[in-house]
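**Student:** could you work out the structure for the sequence below:
(chains A and B)
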Amino acid sequence: MSSRGRPGVGRVSGGAPETPEVIVPQSLGEALQLLRHTTDRAVWAGGTWWLQQPEESRRDRQILAIHSVRELRRVVRTGHHVEIGSTVPAGRLLGAGRRFLPAVAVEAIHRVGPPPIRNIATLGGALAIPGTTLPVTAVLQLIDTSIELRRQGNSRWMPLGHFRDPTGVLRIDEGEIITRLRIPLRTWTHWMIHTYGQPFPGGGPSLTLLGAASMDKTGIDEFRFALLINGERQIRLRTAETDLVGKAVPLTERDRRMILGTLEDNLLFGSELDDLGRWRASNGLRGFLQKLQ
Amino acid sequence: MEVTFHYNGRQKTVQVVPDTPAHEYLSDAHGRRGTCGDGSCLQCTVLMGSRVTATCTLPAYRLQGAEIVDLSGLDGDPLYFDIRRAFEKIGITRCGEALQGLVFLAYQLLGENPLPGDEELREYSRHMTTRCVSRDEFERAVRLAGRIHKRKHRELPR
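**Tutor:** Numbering: from 1, shown residues only, chains lettered A, B, ... in the order given. Here you go, the predicted model:
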């Protein structure tokens, strides 16, 4: 092992051949430079998800551990949004962000895990889990979160909803890392997160129902509803969401039938859900619509 | 790789495989391995810095430079003393394996807010999967510990 003289700083390399090399950059510039030169490195933020994977899947890899990068541990709040560094532990975010983050986001962050996990796990890590969408990711997507991807000499923002292609593959280029999340600060007067089953990788069948709406004096100002099936497939009712904006509450029976019909049409294509799952989805949406008063 | 960290105030240097769980290197007299592998059983929890951490999901390389404290490292801490007292009164000390994790949860919670509200308490207890204590008992014990600690350490009127 070589180091730069003080604990937690610099590079640490493996001794035995099977031991992965771990590099711990202290600044974003250093991390991006390292990624530029060796793009096949695994980037670990909290590392909680990786440790729950089979040992074979994480052997013989180089690890770029970005938990110490100062620039990625900042939380900045402006009038319209909050920018969260990708390696801010979820637990710290709950402590500091509870006052200004939308309540639905706070609830989603709670679902990252129990406090001993939340103190290590990061939102950036949760977004980048290959092949799996966690409820927190789906909620952040629902409330229009965007993410910043950076590589050396270049940065780009993209809506979180575009981060995965329809097959679940991450749209991240070589040498890029997620650096910031931007969550719009708007008030969602009504919201719902309801999970059936265990929504984590390897947890078996699961269904998560997500809803968020903001109301004004005249009626519905914004409406969002999504389903997350088995942590893999997301269904958003975009047409119905648009149609409901501006409607007065309580909704008419026709409006309710319209949105429930849209949901049922979408579910017809979802072979992952059985009859009970479909009933739960319809019932969850019906309950959420009833709450909009 | 070699990592150096402080364990209950003492410097410790160990050889670790960096992508393995940290609890494998803390499992001496006080470290516990845990059984769940995802942090929910609370058996392998320690305080890292001042935050309760499940060492089964903590990569070993993150021990470098860390301050790790287990229950024996809290001996003499007034808040820990009050938590123990409250836990004994409610009867939570019967939780042999998970006790360390429960104490640390209470310690972090009361460290942030000596008199936590119902919502804060629920945020800590809602994920508890241990069967030796109910959520209600845990919440009562934390409330009691907070009251004891606050009463003992409130400033006297001048």
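**Student:** where does chain B get nearest to chain A, residue-wise?
**Tutor:** Distances between chain B and chain A by CB to the nearest CB are smallest at residue B:65, namely 2.9 Å. For every residue, glycine as well, the C-beta is placed using N, CA and C.
**Student:** which element is that residue on?
**Tutor:** Secondary structure assigned from DSSP states H and E places residue B:65 in neither a helix nor a strand.
**Student:** run a quick neighbour tally on the nearest residue to residue B:130 once chain neighbours are set aside.
**Tutor:** Distance criterion CB to CB, 6 or more residues apart in numbering or on different chains; nearest residue to residue B:130, sequence neighbours excluded, is residue B:98 at 4.2 Å. If you count neighbours by other CB atoms under 10 Å in any protein chain shown, residue B:98 ends up with 22.
**Student:** helix or strand for the nearest residue to residue A:251 once chain neighbours are set aside, which one?
**Tutor:** Using CB to CB, 6+ apart and skipping the chain neighbours, the partner closest in space to residue A:251 is residue A:289 (6.0 Å). Element membership for residue A:289, per DSSP H and E: helix A:275-291.
**Student:** now do the helices in chain B.
**Tutor:** Here chain B has its helices, by DSSP state H, at B:78-90, B:99-112, B:118-125, B:135-153.
**Student:** for chain B, name the helix or strand with the lowest mean pLDDT.
**Tutor:** Scoring the helices and strands of chain B by mean pLDDT, DSSP states H and E places helix B:118-125 at the bottom, with a mean of 86.
**Student:** quick one: it to helix B:135-153, angle?
**Tutor:** Angle between the axes of helix B:118-125 and helix B:135-153 is 120 degrees (criterion: axes from the mean of the first three to the mean of the last three CA atoms, to 10 degrees).
**Student:** wait, isn't the residue nearest to residue B:130 in contact with residue B:39?
**Tutor:** No - contact criterion CB atoms under 8 Å: residue B:98 and residue B:39 do not qualify, at 11.7 Å.
**Student:** if we can go back for a sec, the residue of chain B closest to chain A - how many residues pack around it?
**Tutor:** When neighbours are counted by other CB under 10 Å, residue B:65 comes out with 16.
**Student:** surely it touches residue B:13?
**Tutor:** No - Residue B:65 is beyond contact range of residue B:13, at 11.5 Å (criterion: CB under 8 Å).
**Student:** now for those two: what residues contact both?
**Tutor:** By CB atoms under 8 Å, 6 or more residues apart in numbering or on different chains, residue B:65 and residue B:13 have these common neighbours: residue B:4.
**Student:** how much space between the residue of chain B closest to chain A and residue A:149?
**Tutor:** According to CB to CB, to the nearest Å, residue B:65 stands 29 Å off from residue A:149.
**Student:** and if you look at residue B:143?
**Tutor:** Residue B:143 is 45 Å from residue A:149, by CB to CB.
**Student:** shaky segments in chain B?
**Tutor:** Per-residue confidence for chain B (pLDDT under 70) gives these ranges: B:27-35, B:155-158.
**Student:** what about the helices in chain A?
**Tutor:** Counting by DSSP H, the helices of chain A are A:28-37, A:48-51, A:90-97, A:103-110, A:115-118, A:123-127, A:135-142, A:238-244, A:253-268, A:275-291.
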